[in-house]
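quick check, what structure comes out for this input:
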Amino acid sequence: MFTAYIIITAVAAAANIYAAANDFIRPKWLLGNMNQLGVPEWSLPILGILKAAGAVGLLVGIGVPLIGVLAAAGLTLFFIGALVTHIRAHDHSLGNGVPVMFLVAAVAALVVGIYGRGYMT
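Below you'll find the model as predicted:
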């Protein structure tokens, strides 16, 4: 189970580092999506910092399990908020499923962080 924990955590962290980098780089497609959702451009650095902090927390959590669980929980809440934002903006594609994939990765990291590390045995 520990191997699955490491793999899932690494994938979730990499995905969030990628997402955070895009928030800092601000590609045109992202700015268009944010505009369509009604999210102000000034919030991108804040969103990027939250995603990067979550990714770092997941990686630190390999050595300090509680931090990893808290980071995964925070990312789960973050991406639930992203889905709510898409729904409120009447984006029925939910961003072509991208926030859903990030949510699944965060939930998977949370579940293996809790069960794989023996918190709920």
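
residue 102 and residue 63, how far apart?
From residue 102 across to residue 63, the span is 24 Å (CB to CB, to the nearest Å). (C-beta placed from N, C-alpha, C; glycine too.)

between the two, which one's more packed in?
Neighbour tally, residue 102 and residue 63, criterion other CB atoms under 10 Å: the higher count belongs to residue 102, 24 against 8.

wait, the more buried one sits on residue 13?
No: the criterion here is CB atoms under 8 Å, and residue 102 misses it with residue 13 at 11.6 Å.

ranges for the helices of the protein?
Here the chain has its helices, by DSSP state H, at 2-25, 28-37, 44-60, 65-88, 98-115.

include mean pLDDT when you put those into CSV, please.
Formatted as CSV, the helices of the chain follow (pLDDT from 0 to 100):
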stretch, mean pLDDT
helix 2-25, 95
helix 28-37, 92
helix 44-60, 97
helix 65-88, 95
helix 98-115, 94
